[in-house]
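Q: Give me a model of this one.
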Amino acid sequence: MDEDGFAELLMSEDRKKWQNPRDILLQIGDFKETTIADLACGPGFFTIPLANMIDESSKIYAVDHSSTMLKHLKTNLERSVPADSLKHVSIIDADVTNTTIPDHSIDIAIFANVLHDLDDPKLFFDELKRISSTNCRVVDIDWHKQRVDDMGPPPEIRLSENDSRTLLNQNGYYVVHALNAGQYHYGLVCRRNS
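A: Here you go, the predicted structure:
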């Protein structure tokens, strides 16, 4: 499958049946008066519902290094988000380890299906610390280790929930609570250790 086809698959109605992004986001809390980073946003699976949940004092940074994914994100945003909310979304073409997001500006950072793909997790967490405000909520969503229904990445590269908790802890974060992220995923809401 080429990247355009993959972008369409990521936004499919079938996926939303087994992983409803709005239901997941509602477990995180209120998005009013917040600045949010959707790191490795892809074609907008979480960016679009976020853009429909924010208020006029909120901002979203949608970051991805794939020009194809960002092309789909722009189209999907234009189709699904009112114009007055669109102006609060900034699209950034960058790697998640080196964004142009201002220092200490993010109140909520979301990354889905990211940790298992990082070549150097330390670079990612250094960038996350740089962009995060003092009380930033950090949300990790990823695949369960055991593969079900031949979906997602191979099991040998996945991180179990315990492995993700360990990695987050080693990089200065503790888990506040878990999320129901659908039958194939787990979700962790974290804060930074003092």
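
Q: Sketch out the strands for this structure, chain order is fine.
A: Taking DSSP state E, the strands of the chain run over residues 35-39, 59-64, 89-93, 106-112, 132-143, 173-180, 185-192.

Q: Contacts made by the longest helix anywhere in the chain with the rest, please.
A: Counting residues, the longest helix found in the chain (DSSP state H) is helix 67-80. Residues outside helix 67-80 that contact it (CB atoms under 8 Å, 6 or more residues apart in numbering): 3-4, 7-8, 11, 41-44, 47-48, 51-52, 62, 64, 86, 89, 91, 93. All C-beta spots, glycine's among them, are computed from the backbone N, C-alpha and C.

Q: thought Trp18 was touching His185?
A: No: counting by CB atoms under 8 Å, Trp18 stays clear of His185, with 9.1 Å between them.

Q: And those two? Which one has more around it.
A: Using other CB atoms under 10 Å as the criterion, Trp18 and His185 rank with His185 on top: 19 against 12.

Q: that older thread, what angle sits between the longest helix of the chain and strand 35-39?
A: 130 degrees (axes from the mean of the first three to the mean of the last three CA atoms, to 10 degrees).

Q: buried stuff in helix 67-80?
A: Across helix 67-80, burial judged by 16 or more other CB atoms under 10 Å covers Met69, Leu70, His72, Leu73, Lys74, Asn76, Leu77, Ser80.

Q: List the contacts of Gly152.
A: Contacts for Gly152 (CB under 8 Å, 6+ apart) come out as Asn113, Trp143, Arg158, Tyr184.

Q: With adjacent residues omitted, what lies nearest to the residue nearest the centre of the chain?
A: Nearest to the mean C-alpha position of the chain, by CA atoms, centre = their mean, lies Phe111 at 2.8 Å. Distances taken as CB to CB, 6 or more residues apart in numbering place Leu39 nearest to Phe111, at 4.3 Å, with adjacent residues excluded.

Q: quick revisit: quick one: which of the buried residues of helix 67-80 is nearest Asn162?
A: Of all the buried residues of helix 67-80, Asn162 sits closest to Met69, with 29.6 Å by CB to CB.

Q: Thought Cys190 was touching Val139, still the case?
A: Yes: using CB under 8 Å, Val139 is in contact with Cys190, at 7.4 Å.
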